[in-house]
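> Here is my input; please provide its structure:
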Amino acid sequence: MERLLRFLLKIGAGCFPASQIRIDIKVYLALMSWISDKGYLKAGSIADAAEQMDLTPEQLSFFCSERLGKSFRQLRKEHRIREAESLLLVNPDISLRELGRSVGIHDKSDFRRQFREVTGLYPAEWKKIKQKEVESLK
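Model prediction:
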């Protein structure tokens, strides 16, 4: 987000041509709509996601890397894991396999690895910490 804010400041300073600004705004709005509609839950490539957003894969890739400072895959993974966290809070008894599938990650080991990459914890560790937090509030 910090990179996006710096970019917006540069726009205000007139550092980018108007055509690039229009493209970036189009990509930003499409990406925010895609996130809002939980498009990240569907398995698929950047080409699939770009098609859903009416963008080219190059536009989406450029915006993610240059404006957000991360790859599209990283962005999608972060949103999937945040969704998994929400699901775990609501349904702590859900199996890892079912949880992973519900967020578009069909391999249990891959899901555990991605969860740890994003949160720093494995799902079971994360769940124990959250359960202790909830119990301490009672």
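
> those helices in this protein, which residues are they?
2-12, 18-36, 46-52, 57-62, 72-90, 96-102, 108-119, 123-137 (DSSP state H).

> residues making contact with the third one?
This means helix 46-52. Helix 46-52 has contacts (Cβ atoms under 8 Å, 6 or more residues apart in numbering) with 34, 39-40, 42, 56-57, 59-61, 72-73, 76. Using the backbone N, CA and C atoms, a C-beta is placed for each residue, glycine as well.

> switch to 6 Å and redo it
Helix 46-52 is contacted from outside by 39, 56-57, 60, 72, using Cβ atoms under 6 Å, 6 or more residues apart in numbering.

> What are the buried residues along it?
The neighbour-count criterion (16 or more other Cβ atoms under 10 Å) identifies 46, 49-50 as the buried residues of helix 46-52.

> again with the last one
Neighbour counts using 16+ other Cβ under 10 Å place 123, 126-127 of helix 123-137 among the buried residues.

> before we move on, what about the fifth one?
Residues 72, 75-81, 83-85, 88 are the ones in helix 72-90 that count as buried (16+ other Cβ under 10 Å).
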